[in-house]
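Chemist: Sequence plus the predicted model coming up.
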Amino acid sequence: MAYIAKNEVKAIRDGLRAKFGKTMKFSVRRQDHSGVAVSIMRSDIDLTKYLCGSTYADLNHYSFDSIFKDDKKAASIFDSIQDIIRTAPGTVEGGNEWFDKSDIMTDYFHTAYYYDISIGQWDKPYITA
């Protein structure tokens, strides 16, 4: 059963802060004990072209290669964010790194926790600093 503890979410928050410092501001929140949502709220990199005219965008982390195929800088940033989300919880006592042993062909779902990555939030727009 997917589960992520508060200290594991804090490890993700701390990892993002350590890696990106003051260049990016994130919102990291736990969702229903089984997932974590990471939103980029502000950065010095212009990500507005991925918003498609909206104030926020939910990204499909399974298709980063196609989303950022023409923007290597954004691709490397999102790869780093995803790497921190997957590994940081394993650095705290009792924490687990992300894994996915699901098999949709047999209707078997087994993952450490779920995660979402977005640019901005529905009620707070993304800001380019």
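Modeler: Here it is on my side, so go on. Numbers count the residues shown, from 1 in each chain.

Chemist: Following element in sequence after the helix or strand hosting K19, please.
Modeler: In this assignment (DSSP states H and E), K19 forms part of helix 6-20. The helix or strand immediately downstream of helix 6-20 is strand 24-31, counting by DSSP H and E.

Chemist: hang on, the earlier thing: I'd like to check the angle between the helix holding K19 and strand 24-31, please.
Modeler: With axes from the mean of the first three to the mean of the last three Cα atoms, to 10 degrees defining the directions, helix 6-20 sits at 170 degrees from strand 24-31.

Chemist: which residues are contacting helix 6-20?
Modeler: Contact with helix 6-20 is made by 24, 26, 28-30, 36, 38, 43, 80-81, 84-85, 87-89, 91-96, 113, as judged by Cβ atoms under 8 Å, 6 or more residues apart in numbering. Just so you know, the C-beta spots here come from the backbone N, C-alpha and C atoms, and that holds for glycine as well.

Chemist: Filter those down to just the buried residues.
Modeler: Buried members of the contacts of helix 6-20, scored by 16 or more other Cβ atoms under 10 Å, are 24, 26, 28, 30, 36, 38, 43, 81, 84-85, 88-89, 92, 95, 113.

Chemist: and the two most separated of those?
Modeler: S43 and G95 (26.9 Å; Cβ to Cβ).

Chemist: Return the subset of the buried ones among the contacts of helix 6-20 lying in strands.
Modeler: The members of the buried ones among the contacts of helix 6-20 that map onto strands under DSSP state E are M24, F26, V28, R30, V36, V38, S43.

Chemist: mind checking how far the spatially most central residue of the chain is from D103?
Modeler: The chain has I117 as the residue nearest its centroid, 3.7 Å off, counting by Cα atoms, centre = their mean. Going from I117 to D103 by Cβ to Cβ, to the nearest Å gives 24 Å.

Chemist: next one: L47
Modeler: 34 Å.
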